[in-house]
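# Mind looking at a prediction? Sequence and model below.
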Amino acid sequence: CLCQESERFSNFRVLFEGKHAFMQMVFEGSLSTDDETFHCIICPSNHIQSIVSTDEEVHEEIKDIKKGLVLLAKSKSKGVLFLELASKFSRSPHASLEAIAVPLEVEQDAKMYFKQAILEVAEEWNTNKKLIQISSIGGIKKAVPKTFAYFSVEWGSEGGYAHPIENQADFPCDFGRSVVAGMLG
């Protein structure tokens, strides 16, 4: 459970808690491959359904956490991929942004792998624009409207892709992790 207001929330996984957001380790299904990598989740402290829906204070704190993770990864000669699946809003999910440290060559190849994977899944499920470029300046909040369901991937602090999800029931909930797992071998 990612909602701090829930009695099911577990504090022992929390690595960092700020004023508006927190970060916790992923244990089940972690894509960490060694002692030099990490797989964690960044979440707004309040119950918000997507990163796009956060207000500016929350978004700035999340950006600061992301910058810190990028610096940590660089100090270990690694890169970071940030993944978000924002969908099934009727179930009232809690926004979460996965951060996965990967070898630099995997981060560099992410643009190609995710573009291909998004276009393949979009052929199957979408009729509208399949791939939206996320700029390093505006980020996801400038790329996707608040009410849209989407998947996003960003590499380090250099931008990324967003994919609007039209058919939420059929979009794979493990899409991002599956692509990263495939890249890691």
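Okay, I see it.

# Pass me the low-pLDDT residue ranges in this protein, would you?
Applying pLDDT under 70 to the predicted model, the residue ranges of the chain that meet it are 1-9, 12, 124-129.

# so who does residue 131 touch?
Residue 131 sits next to 115, 118-119, 122, 161-163 when contact means C-beta atoms under 8 Å, 6 or more residues apart in numbering. (Each C-beta comes from the backbone N, C-alpha and C, glycine too.)

# I'd like those written out as a markdown table, with secondary structure added.
Below are the contacts of residue 131 laid out as a markdown table (DSSP: H, G, I helix; E, B strand; the rest coil):
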| residue | secondary structure |
| --- | --- |
| 115 | helix |
| 118 | helix |
| 119 | helix |
| 122 | helix |
| 161 | strand |
| 162 | strand |
| 163 | strand |
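
# Make JSON lines out of those and add distance to residue 102 and neighbour count.
As requested, these are exported to JSON lines (distance: C-beta to C-beta, whole Å; neighbours: other C-beta atoms under 10 Å):
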{"residue": "115", "distance to residue 102": "17", "neighbour count": "15"}
{"residue": "118", "distance to residue 102": "18", "neighbour count": "23"}
{"residue": "119", "distance to residue 102": "21", "neighbour count": "14"}
{"residue": "122", "distance to residue 102": "24", "neighbour count": "19"}
{"residue": "161", "distance to residue 102": "16", "neighbour count": "22"}
{"residue": "162", "distance to residue 102": "20", "neighbour count": "24"}
{"residue": "163", "distance to residue 102": "20", "neighbour count": "27"}
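
# among these, which two are most distant?
Across the contacts of residue 131, the two members that end up farthest from each other (C-beta to C-beta) are 119 and 162, 13.1 Å apart.

# Remind me what the top strand by length along the chain packs against, helices and strands.
Scanning the chain for the longest strand, with DSSP state E as the assignment, gives strand 78-86. In this structure, strand 78-86 makes packing contacts with helix 56-75, strand 97-103, helix 104-125, strand 150-155, helix 175-184, judged by 3 or more C-beta pairs under 8 Å, 6 or more residues apart in numbering; DSSP states H and E.

# could I get the ones you listed as JSON lines with distance to residue 136?
Below are the helices and strands packed on strand 78-86 laid out as JSON lines (distance: least, C-beta to C-beta, whole Å):
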{"stretch": "helix 56-75", "distance to residue 136": "11"}
{"stretch": "strand 97-103", "distance to residue 136": "16"}
{"stretch": "helix 104-125", "distance to residue 136": "13"}
{"stretch": "strand 150-155", "distance to residue 136": "8"}
{"stretch": "helix 175-184", "distance to residue 136": "19"}
